[in-house]
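Enquirer: Need a 3D model of the following:
(one chain, ligands or ions: 1)
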Amino acid sequence: METKIIDGKAIAAELRAVVATEVAALASQGLKPGLAVVLVGENPASQVYVRNKAAQTAEAGMASFEHKLPVETPEADLLALVARLNADPAVHGILVQLPLPDHIDSMKVLAAIDPAKDVDGFHVVNAGRLAVGLDALVPCTPLGCIILLKRVLGNLSGLKAVVVGRSNIVGKPAAQLLLKEDCTVTIAHSRTRDLPGECRTADILIAAVGRTQMIKGDWIKPGATVIDVGINRIPKEDGKTRLVGDVDFEEAQGVAGLITPVPGGVGPMTIACLLQNTLTAAKRQAGV
Ligand code: NDP
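Expert: Sure, this is the predicted structure:
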């Protein structure tokens, strides 16, 4: 069987273009969506993410506000900044880049963000709204996974989905979104018995674990659609590193029907969905 590669980069570019067109149309009504990104400290990976987010926000025609705070910033100062952003009418979306330094309680900071501006979808109000099937701002990575799946499979109703990973930012919301699409969903995690057997039941397999190439070719049902969320860095012979997913991509060839590559699969969708969430938040706040 030929395994087709899902081109997340191309699909994300299309989504960004759709967002940019809508942003341009809103400009004529005097509304410019604005995203504030807050970075505390100098984590190199976070710096790259924040730079990319700011660049793509501006490219989409939105206002981008960057707040870089030193690593020793007291929690109270960060909470005060979040309160100012909550009150700022030019800011429609607020993203506090995780992880935060150890002396700051991430849950407390996320809870302080106005749920209407919570474009990461991590606030309990948005998690709860998603769980009960109400309109919510949905976490960007799982939203990107579902957009990819609907794009390549069309209707997901009745398909058996297995999500490996139960984090609040990927696994759990991915499972909620699949349920919303009428899939039959299993959530697997580190205590799951017979993980390979569970994976083999999946028409749709989402891997969100953070373990290098853990999911092997013979864990995949022939013809299944595999979405690899994992981002793992492994050493190359030249001393540099390269990115690989949670799925053994080589072994999946010839078994999976469709698969996302790493990089170039889910990653680009995450930022595109952040832009979409910011647009949604701006429209809701402006009542348009
Ligand atoms: P977490 O570490 O928060 O969660 C990992 C999950 O995997 C946990 O539920 C854990 O189970 C489960 N797990 C760990 N080991 C095993 C195992 N041996 N067998 C089965 N399940 C296991 O990670 P995240 O959800 O934040 O991220 C997952 C991956 O996705 C990471 O590689 C991350 O870098 C990547 N990522 C990619 C994004 C993108 O834009 N493409 C965005 C966000 C994340 P338990 O709960 O039992 O401990």
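Enquirer: for the record, mean pLDDT for stretch 185-197?
Expert: The average pLDDT for stretch 185-197 rounds to 98.
Enquirer: Compute the first-to-last residue distance for it.
Expert: 15 Å (C-alpha to C-alpha, to the nearest Å).
Enquirer: Which parts of it count as buried, going by neighbours?
Expert: 185-188, 192, 195 (16 or more other C-beta atoms under 10 Å). The way it works is simple: take the backbone N, C-alpha and C, and place the C-beta from them, glycine included.
Enquirer: now swap in stretch 128-147 and tell me
Expert: So, applying 16+ other C-beta under 10 Å, buried residues of stretch 128-147: 129-130, 136-147.
Enquirer: ok, now stretch 105-117?
Expert: Counting neighbours by 16+ other C-beta under 10 Å, stretch 105-117 gives 109-117 as buried.
Enquirer: Pull the CA coordinates from that stretch and hand them back as PDB.
Expert: The C-alpha coordinates for stretch 105-117 follow below in PDB (Å, rounded to 0.1, in the frame of the first residue of the first chain):
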ATOM      1  CA  ASP A 105       2.300  29.000  39.100                       C
ATOM      2  CA  SER A 106       1.300  28.400  35.400                       C
ATOM      3  CA  MET A 107      -2.300  27.400  36.400                       C
ATOM      4  CA  LYS A 108      -2.800  30.600  38.300                       C
ATOM      5  CA  VAL A 109      -1.500  32.700  35.300                       C
ATOM      6  CA  LEU A 110      -3.700  30.800  32.700                       C
ATOM      7  CA  ALA A 111      -6.700  31.200  35.000                       C
ATOM      8  CA  ALA A 112      -6.100  35.000  35.100                       C
ATOM      9  CA  ILE A 113      -6.500  35.300  31.300                       C
ATOM     10  CA  ASP A 114     -10.000  36.500  30.200                       C
ATOM     11  CA  PRO A 115     -11.500  33.400  28.700                       C
ATOM     12  CA  ALA A 116     -12.800  35.500  25.800                       C
ATOM     13  CA  LYS A 117      -9.100  36.300  25.000                       C
END
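Enquirer: For the residue nearest in space to the middle of the chain, which residues are in contact?
Expert: Computing the C-alpha centroid of the chain and ranking residues by C-alpha atoms, centre = their mean puts T141 first, at 1.4 Å. Under the criterion of C-beta atoms under 8 Å, 6 or more residues apart in numbering, the neighbours of T141 are 169-170, 174, 208, 229, 266, 269-270, 273.
Enquirer: what residues does the stretch 51-200 of the chain put near the ligand?
Expert: Applying C-beta under 6 Å from any ligand atom, we find that the stretch 51-200 of the chain lies next to the ligand at 141, 164-167, 169-171, 188-192, 195.
Enquirer: In JSON lines: these, plus secondary structure.
Expert: Below are these laid out as JSON lines (DSSP: H, G, I helix; E, B strand; the rest coil):
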{"residue": "T141", "secondary structure": "helix"}
{"residue": "V164", "secondary structure": "strand"}
{"residue": "G165", "secondary structure": "coil"}
{"residue": "R166", "secondary structure": "coil"}
{"residue": "S167", "secondary structure": "coil"}
{"residue": "I169", "secondary structure": "coil"}
{"residue": "V170", "secondary structure": "coil"}
{"residue": "G171", "secondary structure": "helix"}
{"residue": "A188", "secondary structure": "strand"}
{"residue": "H189", "secondary structure": "coil"}
{"residue": "S190", "secondary structure": "coil"}
{"residue": "R191", "secondary structure": "coil"}
{"residue": "T192", "secondary structure": "coil"}
{"residue": "L195", "secondary structure": "helix"}
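Enquirer: Between these, which sits nearest R84?
Expert: In terms of C-beta to C-beta, no member of these lies closer to R84 than I169, at 24.9 Å.
Enquirer: Excluding chain neighbours, give the residue nearest to the closest one in space.
Expert: In space, and not counting its chain neighbours, I169 is closest to P139: 5.4 Å by C-beta to C-beta, 6 or more residues apart in numbering.
Enquirer: correct me, but the one you found touches D118?
Expert: No. Using C-beta atoms under 8 Å, P139 makes no contact with D118, being 9.8 Å away.
Enquirer: got a pLDDT number for the residue in the stretch 1-150 of the chain that the ligand sits nearest to?
Expert: Nearest residue of the stretch 1-150 of the chain to the ligand: T141, at 4.0 Å (C-beta to the nearest ligand atom). Note on T141: pLDDT of 98.
Enquirer: just to revisit the earlier point, residues contacting the residue nearest to I169?
Expert: Counted by C-beta under 8 Å, 6+ apart, P139 has contacts 120-122, 168-170, 173.
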